[in-house]
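Colleague: fold the following.
(chains A and B)
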Protein chains: 2
Amino acid sequence: MMNTNPDPHAMWAKMKKNSDGLVPAITQDYENNQVLMMAYMNEEAFCLTCETGYMHYYSRSRDTLWKKGETSGHFQKVIEAYIDCDKDTLLYKIDQTGAACHTGNRTCFYTELNNWDLSHNEEE
Amino acid sequence: MMNTNPDPHAMWAKMKKNSDGLVPAITQDYENNQVLMMAYMNEEAFCLTCETGYMHYYSRSRDTLWKKGETSGHFQKVIEAYIDCDKDTLLYKIDQTGAACHTGNRTCFYTELNNWDLSHNEEE
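Modeller: Got it, this is the predicted structure:
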């Protein structure tokens, strides 16, 4: 269950924001602990995630709020949510429908540094 | 083994930096996939991590490079290293000596949002 405890806005007020006023959120598969992606939240995204139990993010490039899966159907249902000791990073254990990555990979972290082809200009 | 493949400086040049010119790095226990912490790297920290096989970070608050474990002995040996699809976040699977968190907890993500005591001003 997502938090019913403190007011999401009160929690947001206690977090340390980055230079863009955002907080990074890591998502992890709740079953096997695979790290799936990292994206950013603004206050609205954080509060909607708390209130709906589904991951919402803020897109820096598009300057918009987005519910993960809204277009792809690849929703992320929150199972557990944590804040770190510095109160500047969030970690969500989630139930991922389909792939987390827009490339179709289960995780966004599919490129090992050893195998990263720098000559390839990826537009994925 | 850490990467022997491309030049670390060439890899760094291909990454998307955040507004502070840094790249966030998530560390994960290579044995059980527990997420341990997230911190930031500048070019020097990234290259030293590549070259030594031990996690180095850039401290935003202290404006210095630090090798994790330098004072605590809690070193982080790199086992695998990944970059995400957007080339703006790093993920390291590491062998953690002792606790990752300066509080003595194994992970920095020990506070569930449900149990976060907002009335407590933590100076941990």
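
Colleague: ok, the residue of chain A found nearest chain B to residue A:27 distance?
Modeller: Proximity of chain A to chain B (Cβ to the nearest Cβ) peaks at residue A:33, 3.4 Å away. Bear in mind the C-beta positions are built from the backbone N, C-alpha and C, glycine included. Separation of residue A:33 from residue A:27 (Cβ to Cβ, to the nearest Å): 11 Å.

Colleague: between those two, what contacts are shared?
Modeller: Counting by Cβ atoms under 8 Å, 6 or more residues apart in numbering or on different chains, the shared contacts of residue A:33 and residue A:27 are residue A:93.

Colleague: which one of the two has more residues nearby?
Modeller: The neighbour comparison of residue A:33 against residue A:27 (other Cβ atoms under 10 Å in any protein chain shown) goes to residue A:27, with 26 against 14.

Colleague: tell me the helix or strand right after the helix or strand hosting that one.
Modeller: Per DSSP states H and E: residue A:27 is located in strand A:23-29. Per DSSP H and E, the first helix or strand lying C-terminal to strand A:23-29 is strand A:35-41.

Colleague: so what's the spatially closest residue to the residue of chain A closest to chain B that is not a sequence neighbour up against?
Modeller: Nearest non-adjacent residue to residue A:33, counting by Cβ to Cβ, 6 or more residues apart in numbering or on different chains: residue B:33, 3.4 Å away. By Cβ under 8 Å, 6+ apart, the residues touching residue B:33 are A:28, A:32, A:33, A:34, A:35, B:93.

Colleague: adding distance to residue A:106, write those out as CSV.
Modeller: CSV is the format used below for the contacts of residue B:33 (distance: Cβ to Cβ, whole Å):
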residue, distance to residue A:106
A:28, 12
A:32, 10
A:33, 13
A:34, 7
A:35, 11
B:93, 16
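
Colleague: okay, those in a markdown table with distance to residue A:100 and pLDDT next?
Modeller: Formatted as a markdown table, these follow (distance: Cβ to Cβ, whole Å; pLDDT from 0 to 100):
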| residue | distance to residue A:100 | pLDDT |
| --- | --- | --- |
| A:28 | 10 | 98 |
| A:32 | 13 | 96 |
| A:33 | 14 | 97 |
| A:34 | 9 | 98 |
| A:35 | 9 | 98 |
| B:93 | 17 | 98 |
